[in-house]
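I would like to see how this sequence folds:
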Amino acid sequence: MSDFLFVTGLLSAAILLGSMLFFSCIMAPLIFIKLDEATAGPFVRSIFPWYYLVIIGLSAVGALGLITIQPLPAVILMVIGIAAVLARQVLMPRINVHRDKMVGGNAEAENAFQGLHRLSVWINGGQLVGSVAVMFMLGMTKI
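Residues are numbered from 1 along each chain as shown. Model (predicted):
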């Protein structure tokens with residue numbers, strides 16, 4: 001049973017890392033390169049809730065699989081998932097409000113948007129680092 005839990009946690013963590021890297025390094029830049037701003041903005045806005053749901057789901061499955069056999073990687077995955085919930089439910093709506101105000105000509109909203117967006121980038125970077133750390137720790141484990 002512990003082998004099954006380990007493999008479940010490992011696969012979830014690997015898919016999580018791959019998904020995050022694919023979206024951050026390939027999809028997001030391509031969207032803004034290939035689409036005009038009027039199309040790219042709403043498109044990215046519609047993708048992000050799903051992006052966060054993938055992070056939440058994969059980190060939860062990985063954490064549940066690992067909690068009894070690899071507690072430290074499991075806790076890191078839990079933190080990644082909690083950060084995704086906060087980003088999706090709290091940060092993203094605030095970013096969208098300030099972005100809409102900014103597009104509407106509100107100069108003060110631009111500073112708020114920039115700060116919140118920067119925070120979301122830092123959170124995403126931390127989640128990526130956490131995912132790499134989990135993969136490293138699990139890679140050093142013998143089944």
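
low pLDDT regions in the protein?
Applying pLDDT under 70 to the chain flags the ranges 142-143.

let's see that with 50 instead.
Along the chain, segments meeting pLDDT under 50 are nowhere present.

which element is I69 on?
Using DSSP states H and E, I69 sits within no helix or strand.

that one against D3, yeah?
No: I69 is beyond contact range of D3, at 9.3 Å (criterion: C-beta atoms under 8 Å). C-beta coordinates here come from the backbone N, C-alpha and C atoms, glycine included.

and those two? which has more neighbours close in?
Between I69 and D3, I69 has the larger neighbour count (other C-beta atoms under 10 Å), namely 15 against 9.

may I have the phi/psi pair for that one?
phi -110, psi -30 (degrees, to the nearest 10).

give me the nearest residue to it, chain neighbours excluded.
Using C-beta to C-beta, 6 or more residues apart in numbering and skipping the chain neighbours, the partner closest in space to I69 is S2 (5.1 Å).

quick one, phi psi at that neighbour?
With angles defined as degrees, to the nearest 10, S2 shows backbone torsions of phi -70, psi -30.

against A63, how distant is it?
15 Å (C-beta to C-beta, to the nearest Å).

same question for F136.
F136 is 17 Å from A63, by C-beta to C-beta.

looking at the two, which one has more neighbours?
More crowded of F136 and A63, by other C-beta under 10 Å: A63, with 24 against 10.

elements contacting the longest helix anywhere in the chain?
For the chain, the helix with the greatest residue count under DSSP state H is helix 107-139. Contacts defined by 3 or more C-beta pairs under 8 Å, 6 or more residues apart in numbering; DSSP states H and E place helix 107-139 against helix 2-22, helix 37-66, helix 71-86, helix 92-103.

and those helices, which is most packed in?
Most buried of those by mean neighbour count (mean count of other C-beta atoms under 10 Å) is helix 71-86; its value is a mean of 19.

residues contacting I76?
Neighbour list for I76: G130, A133, V134 [criterion: C-beta atoms under 8 Å, 6 or more residues apart in numbering].

and the residue nearest to V85 when sequence neighbours are not counted, how far from G81?
Once flanking residues are discounted, V85 sits nearest to I56: 5.9 Å by C-beta to C-beta, 6+ apart. Using C-beta to C-beta, one gets 5 Å for the distance from I56 to G81.
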